[in-house]
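*Asks:* Here is the input, now give the coordinates:
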Amino acid sequence: MTRWRAFTKFGLVLTLVAGALAGVGLTGRQHADAVIRVAEFPADCQLSHRLPDDPIVFPRLPGASHSHDFFGNHATDANSDYAQLAGATGNCDPAVDISSYWVPTMFRVNTPIVPSGITFYYLGEGVNNPAATQPTPVGLKIVAGNAKATGDVDSIARWSCLHAGQVNPSKNFVTCPAGTQLETYLDFPQCWNGTSLDSADHKSHMAYPVAGNCPSSHPVQVPKLRMVLRYPVNGDPSQLRLASGDGRTMHGDFFNVWPAPEMERRVRDCIRPVIKCGHDGRPL
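*Replies:* Numbers count the residues shown, from 1 in each chain. Modelled structure (predicted):
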C-alpha cells in the first residue's frame, strides 16, 4: 500500500510537470498567433537642420528654395546625391536608416516651430496584395503633396489634432484644444514605374494605386511611406504658416538611403506577411 501511494504521488508529479510543459508549448503557439496583423515598420527621426535648399526640385542651387526642415541624414543640402548621403550619418531610430526626409518649415508669425514628433511609417496598406510588395529601390526620390496648392482640390494635406478626435481633419490648419498638438500626415505614392529613380517633374515616375492596384504604367508596388509630424501648437492657427504658404501647401520629400539588405529584410518579414514590426524590423 505504501509503495502504491508513493508511485501514485510520483505519477501525479509527472502529470503536473507534463501539463506545465504542455502549457508552455501552448503559450508559445499562442504568442506566435498573436502577432499584430498590420504591415508596418517605422523610423523615428529628429530635426537635423534647416536650409532654403531642395536637392530634388532645385538640385545644385543653394538657397533657391523656401525653407525646409530636414530630418534623418545630417548631410542633406542642395548638392546632395546618393553617394554623398550614403557616406554620411543620420539621427533616425533605427540608426541604419540614413535616408533624407524634408518638409517646409512651419512658422508662428516669423518664428520657426520645431516638430515635437517625427515618424515615418512604411506600410503595406493601400494595395490589395501586400505580398507583392518590392523593396524601395536604393536612391529612389519621391515627392508628395503640392507646394503650390491654392485650394482643397489640388491639395493632399491632412491636418488634425493629436488626442482630439472631435476636431474634424482638414486640408488646412485646424484649431486644436488646449493640451493637444497639431498633427499632419502625408501618404506618398507607392507605385513605381520600375525604371526611373526620379523624373523631370519629380512625380511622374511614381503613382498612387487605383482601387488597390498599381496601374500598368507603374507596375512595381513598394511600401507606402506615411510621414507623420506633430507640432507643439494649439489654439487659433491664424498666426501659423508654412514656408510654402498655408496648410494646404504641406508637402514632403524623400530620398531613399536605406541599406538595401535592411529594406529587403523588412519588406520580407513585415510588409509581405502583414506583420507589425518595431524599429529593429522585428515583429512586435
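
*Asks:* For the rest of this, base every contact and every neighbour count on C-alpha atoms.
*Replies:* Will do.

*Asks:* Where in the protein is the helix or strand with the lowest mean pLDDT?
*Replies:* Least confident helix or strand of the chain, by mean pLDDT, DSSP states H and E, is helix 2-33 with a mean of 42.

*Asks:* in the stretch 1-150 of the chain, which spans are strands?
*Replies:* 40-44, 47-51, 68-72, 100-104, 106-108, 111-113, 117-123, 141-145 (DSSP state E, counting those that start in this stretch).

*Asks:* for the ones you listed, which one sits closest to Ala83?
*Replies:* strand 100-104 (12.7 Å; CA to CA).

*Asks:* May I see the strands of the stretch 1-150 of the chain arranged in TSV, with mean pLDDT as well?
*Replies:* Converted to TSV, the strands of the stretch 1-150 of the chain look like this (pLDDT from 0 to 100):
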stretch	mean pLDDT
strand 40-44	98
strand 47-51	98
strand 68-72	98
strand 100-104	98
strand 106-108	98
strand 111-113	98
strand 117-123	97
strand 141-145	98
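
*Asks:* so Asp269, which of the three states?
*Replies:* helix (DSSP: H, G, I helix; E, B strand; the rest coil).

*Asks:* Would you check how far apart it and Cys214 are?
*Replies:* To Cys214, Asp269 is 22 Å away according to CA to CA, to the nearest Å.

*Asks:* Just give me the neighbour total for the residue nearest to Ser217 when sequence neighbours are not counted.
*Replies:* With CA to CA, 6 or more residues apart in numbering as the criterion, Ser217 has its nearest non-adjacent residue at 6.1 Å, and that residue is Asn193. Asn193: 18 surrounding residues under other CA atoms under 10 Å.

*Asks:* pretty sure Asn193 is touching His218, no?
*Replies:* Yes - if you go by CA atoms under 8 Å, Asn193 and His218 touch, sitting 3.9 Å apart.

*Asks:* Identify the contacts common to those two.
*Replies:* Both Asn193 and His218 are in contact with His205, Met206, where contact means CA atoms under 8 Å, 6 or more residues apart in numbering.

*Asks:* re the thing from before, the more surrounded of Asp269 and Cys214?
*Replies:* Cys214 (24 against 19).

*Asks:* I'd like the distance between the more buried one and Ser155.
*Replies:* For Cys214, the distance to Ser155 - CA to CA - is 21 Å.

*Asks:* One more: Cys277?
*Replies:* Cys277 is 31 Å from Ser155, by CA to CA.

*Asks:* same check, this time on Pro62
*Replies:* If you go by CA to CA, the gap between Pro62 and Ser155 works out to 27 Å.

*Asks:* ok, those two, which is more surrounded?
*Replies:* Per other CA under 10 Å, whichever of Pro62 and Ser155 has more neighbours is Ser155, with 21 against 15.

*Asks:* all strands for the stretch 151-284 of the chain, in order.
*Replies:* Using DSSP E, counting those that start in this stretch, strands in the stretch 151-284 of the chain cover 159-162, 181-187, 191-192, 206-207, 220-221, 224-231, 240-242, 251-255.

*Asks:* closest one to Lys148 among those?
*Replies:* For Lys148, the closest of these is strand 251-255, at 9.5 Å, according to CA to CA.

*Asks:* That closest one: partners in the sheet, and parallel or antiparallel?
*Replies:* Sheet pairing here is set by DSSP bridges, and for strand 251-255 it gives strand 100-104 (antiparallel), strand 141-145 (antiparallel).

*Asks:* winner for burial among the ones you listed?
*Replies:* Of these, the one with the most neighbours on average (mean count of other CA atoms under 10 Å) is strand 100-104, at a mean of 25.

*Asks:* ok, and what's touching that one?
*Replies:* So strand 100-104 is contacted by 66-73, 76, 85, 242-244, 250-257 (CA under 8 Å, 6+ apart).

*Asks:* quick one: it to strand 224-231, angle?
*Replies:* Interaxial angle of strand 100-104 relative to strand 224-231 (axes from the mean of the first three to the mean of the last three CA atoms, to 10 degrees): 50 degrees.

*Asks:* Not counting sequence-adjacent ones, nearest residue to Trp159?
*Replies:* Using CA to CA, 6+ apart, the nearest residue to Trp159 is Thr184, at 4.5 Å.
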